[in-house]
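Participant: Got a predicted structure here, sequence first:
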Protein chains: 2
Amino acid sequence: MSGLRIFVDFAPAPDVLELLQQETRGHQLVFARTLATSVLAKPEPDPQFSTVDVAFGQPDPQAIEGAARLKFIQVSSSGITRYDNPKFRSLMAGRRIAVCNSASVYSEACALHALSFILGQARNLPLALKTRTANGTDTWHALRGACAPLRDQTVLIVGFGAIGKRLAEMLAPFHMKVMAYRRKPRGDEGMPIITPGGLGHALAKEADHVVNILPDSTETRFFFDVARFSNMKPGAVFYNIGRGTTVDQDALHAALHSGRLKAAWLDVTEPEPLPDHHPLWAEPSCYITPHIAGGHTGEAKTLVHHFLRNLNRFVQGEPLLDRVM
Amino acid sequence: MSGLRIFVDFAPAPDVLELLQQETRGHQLVFARTLATSVLAKPEPDPQFSTVDVAFGQPDPQAIEGAARLKFIQVSSSGITRYDNPKFRSLMAGRRIAVCNSASVYSEACALHALSFILGQARNLPLALKTRTANGTDTWHALRGACAPLRDQTVLIVGFGAIGKRLAEMLAPFHMKVMAYRRKPRGDEGMPIITPGGLGHALAKEADHVVNILPDSTETRFFFDVARFSNMKPGAVFYNIGRGTTVDQDALHAALHSGRLKAAWLDVTEPEPLPDHHPLWAEPSCYITPHIAGGHTGEAKTLVHHFLRNLNRFVQGEPLLDRVM
């Protein structure tokens, strides 16, 4: 299969563009008239789209309905919020369009980011990095004493996919108890799995660290609500590298402000960035990074390599990587 | 063996004191007239010291010479700078006084601290935590792109004892190349070991991350000097959780300022804290915590448990833990 028309909706850097062009010789790259600056930007309509066989980026779900030749969509992010609904899934199934995300491009960096949060918290880094105090002072003793050992603590990973699995591997040397929440356990997780019915109990009784990796969907919106925060272990720490929409931020703020939660580390919020007057900025134990968890040096190249591997598999009729529909 | 007189030169919190008192019944605790606020404080002379059998804390080396009954010294830190010289070692050997440090009390926290530095650097945390930028901006792309993957990078652990060994265990999931510098390799390190002759080469050619865990001694002072920093791989990151005296801080500053080193993360400096006008404070890629690497919740209790285990071994005539002389 050659001569495919491949729609690309973002602007790669020169070296990455060259890689993409070289490795897709025999096919035709069709660049969107308006190129996206981020995977979260709203796609612009583009008349060329109706003529392509393959789409690489964040194509508009509406435009996909009108693209009669389309057979393979490589979504450029881990999150597939735009596409993750029964109507779209049924359209893809009916027209036999394969949809893949790019989870494996970002999972290593996301797991590292989550672990950097857990260790930053354990070692009290934000405060320690701005404290200039002499050995033996009360401030110094307090700072040392606030560094909680990880050994024997419990981590609950909420949303257990590629990132959660990798995070669990990275947590192995710390002698912690690691468990995960997953809607549909597969039995190969290698740790205790909590299903929806059991979640309240576990959050309330056990987890010192709750790592949220849930994607955005109608089912996950406000998953972490007043009730879930109220049931967490007093002094627990909440981490979010999933999506901001999965958290009731007022409830999170209240849980932090009351001291029920010891701290929150958020890479995602709703909206992003939070407006300057948002009360979470003012919480001293709320640490926010600007949605960079999946980012890494050479990210665009990793993404293009992922696409090229899948394009090759598509052409050869082999199973695709990170296929989600 | 009972009725030992045990000199203690620091003031435990009430619950820790109770533990110490309960578990040393049959012996006599002798508290120093002036109690130390930190293991780095200079000990005060105390006439009681000449009458004790056991010392727990940071006893004055001079006073030890005059303490005729002394048979076991439990130093309360990992570092033994005060005692680590040929004259003192020979005195201990001659009088058959056992000296133990408390490496195993602090090694877990120290290794976690070093790893929190490595991950904080990898994920660009100090900058990310203060950047409020929208997805897709140049700042955002730069922040993501500055997050260097750890996979396939090289870590050199300089000074390979209990902390280095534990750090290497914690680094195992990251698929990095880990090697260590050790004056006297034992053959059981489980990784490539560089001895003094080979160090220049390895620092120059390979290490992306240089983790300094050297103790303070006459041999380690200014170990990291102009030549060693100049030979490091351009863009390497330097971490110090050993002792500040092992680093020529002017040379470190020059290496950071010129951009040869990408960053430095220091838990120890000389002096501590650095004076406010010290140029390292002004280097944007120099991150300093105030000598808290070994600190952790319940630290005093962990230390007392360590002492009690050793006291029991001493009484039973069994081999002592963390024995250094």
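Facilitator: Cool, got the structure. The structure presented is a predicted model; accordingly, all values stated were derived computationally and were not measured. Numbering: from 1, shown residues only, chains lettered A, B, ... in the order given.

Participant: show me what contacts the residue in the stretch 51-200 of chain A that chain B sits nearest to?
Facilitator: For the stretch 51-200 of chain A and chain B, the shortest gap (Cβ to the nearest Cβ) falls at A:R144, measuring 2.4 Å. The C-beta positions use only the backbone N, C-alpha and C, and glycine is treated the same way. Contacts for A:R144 (Cβ atoms under 8 Å, 6 or more residues apart in numbering or on different chains) come out as B:I292, B:G294, B:G295, B:H296, B:E299.

Participant: wait, is it part of a helix?
Facilitator: Yes - counting by DSSP: H, G, I helix; E, B strand; the rest coil, A:R144 is found in a helix.

Participant: So what's the residue count around A:V52?
Facilitator: Residues lying near A:V52 (other Cβ atoms under 10 Å in any protein chain shown) number 24.

Participant: With A:P192 instead?
Facilitator: Neighbours around A:P192, by other Cβ under 10 Å: 15.

Participant: repeat for the one 3 residues further on
Facilitator: Taking other Cβ under 10 Å as the neighbour definition, A:T195 ends up with a count of 11.

Participant: cool, A:Q62 as well?
Facilitator: The burial count for A:Q62: 10, using other Cβ under 10 Å.

Participant: And the one 4 residues further on, by the same measure?
Facilitator: As a burial measure, A:G66 scores 12 neighbours (other Cβ under 10 Å).

Participant: contacting residues for the spatially closest residue to it that is not a sequence neighbour?
Facilitator: Using Cβ to Cβ, 6 or more residues apart in numbering or on different chains and skipping residues adjacent in sequence, the residue nearest A:G66 is A:S50, 5.3 Å away. Contact analysis of A:S50 by Cβ under 8 Å, 6+ apart lists A:A63, A:G66, A:A67, A:A68.

Participant: cool, and A:T245?
Facilitator: By Cβ under 8 Å, 6+ apart, the contact list for A:T245 reads A:D216, A:T220, A:R221, A:F222, A:E270.

Participant: Please report which of the residues you listed has the highest neighbour count.
Facilitator: A:T220 (21 neighbours).

Participant: for it, what are its contacts?
Facilitator: A:G159, A:L214, A:G242, A:R243, A:T245, A:T246.

Participant: so what's A:L29 bridging to?
Facilitator: A:I6 (DSSP bridges).

Participant: Now for it, how many residues are close by?
Facilitator: What A:L29 shows, counting by other Cβ under 10 Å, is a neighbour count of 16.

Participant: Which pLDDT value goes with it?
Facilitator: We note a pLDDT of 97 for A:L29 in this prediction.

Participant: Surely A:Y239 is within a helix?
Facilitator: No - assessed by three-state DSSP, A:Y239 does not belong to a helix; its assignment is strand.

Participant: Next one, pLDDT for it please.
Facilitator: A:Y239 carries a pLDDT score of 98 in this model.

Participant: One more: A:A204?
Facilitator: The model's pLDDT for A:A204 equals 63.

Participant: tell me which parts of the stretch 201-325 of chain A are close to chain B?
Facilitator: Within the stretch 201-325 of chain A, the positions near chain B by Cβ under 8 Å from any Cβ of the partner chain are A:272-274, A:276, A:287-292, A:294-299.

Participant: Counting only strands, which of these make the cut?
Facilitator: Using DSSP state E to define strands, the subset of those located there is A:Y287, A:I288.

Participant: between the residues of the stretch 201-325 of chain A next to chain B, which is nearest B:A148?
Facilitator: A:T297 (5.1 Å; Cβ to Cβ).

Participant: wait, doesn't that closest one sit right on B:A142?
Facilitator: No - A:T297 lies out of contact with B:A142 (Cβ atoms under 8 Å); the separation is 10.9 Å.

Participant: what residues are shared contacts of the two?
Facilitator: If you check A:T297 and B:A142 against Cβ under 8 Å, 6+ apart, no residue is contacted by both.

Participant: State the pair within the contacts of A:T220 that is farthest apart.
Facilitator: A:G159 and A:T245 (12.9 Å).

Participant: ok, for A:F117, nearest residue in space, not its chain neighbours?
Facilitator: The spatial neighbour of A:F117 that comes closest, neighbours along the chain excluded (Cβ to Cβ, 6+ apart), is A:W265 at 3.9 Å.

Participant: How about the secondary structure of that neighbour?
Facilitator: strand.

Participant: residues near it, how many?
Facilitator: By other Cβ under 10 Å, 26 other residues sit near A:W265.

Participant: do you know how far the residue nearest to A:G66 is from A:K42?
Facilitator: 19 Å (Cβ to Cβ, to the nearest Å).

Participant: try A:V52
Facilitator: Applying Cβ to Cβ to A:V52 and A:K42 gives a distance of 19 Å.

Participant: can you check A:F31 too?
Facilitator: 18 Å.

Participant: Compare these two and say which is more crowded by neighbours.
Facilitator: A:F31 (17 against 8).

Participant: Which strand or helix spans A:L119?
Facilitator: helix A:103-122 (DSSP states H and E).

Participant: Does anything pack onto that helix? Which helices or strands?
Facilitator: Where contact means 3 or more Cβ pairs under 8 Å, 6 or more residues apart in numbering or on different chains; DSSP states H and E, helix A:103-122 is packed against helix A:162-171, strand A:209-212, strand A:236-240, strand A:261-266, helix A:299-316, helix B:103-122.

Participant: just for the stretch 51-200 of chain A, where's the confidence low?
Facilitator: Applying pLDDT under 70 to the stretch 51-200 of chain A flags the ranges A:198-200.

Participant: thinking again about what came up before, narrow the contacts of A:S50 to those that are buried.
Facilitator: A:A63, A:A67 (16 or more other Cβ atoms under 10 Å in any protein chain shown).

Participant: and the contacts of A:S50 as a markdown table, adding secondary structure?
Facilitator: Conversion of the contacts of A:S50 to a markdown table gives the following (three-state DSSP):
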| residue | secondary structure |
| --- | --- |
| A:A63 | helix |
| A:G66 | coil |
| A:A67 | coil |
| A:A68 | coil |
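
Participant: Out of the contacts of A:S50, name the two that are farthest from one another.
Facilitator: A:A63 and A:A68 (11.5 Å).
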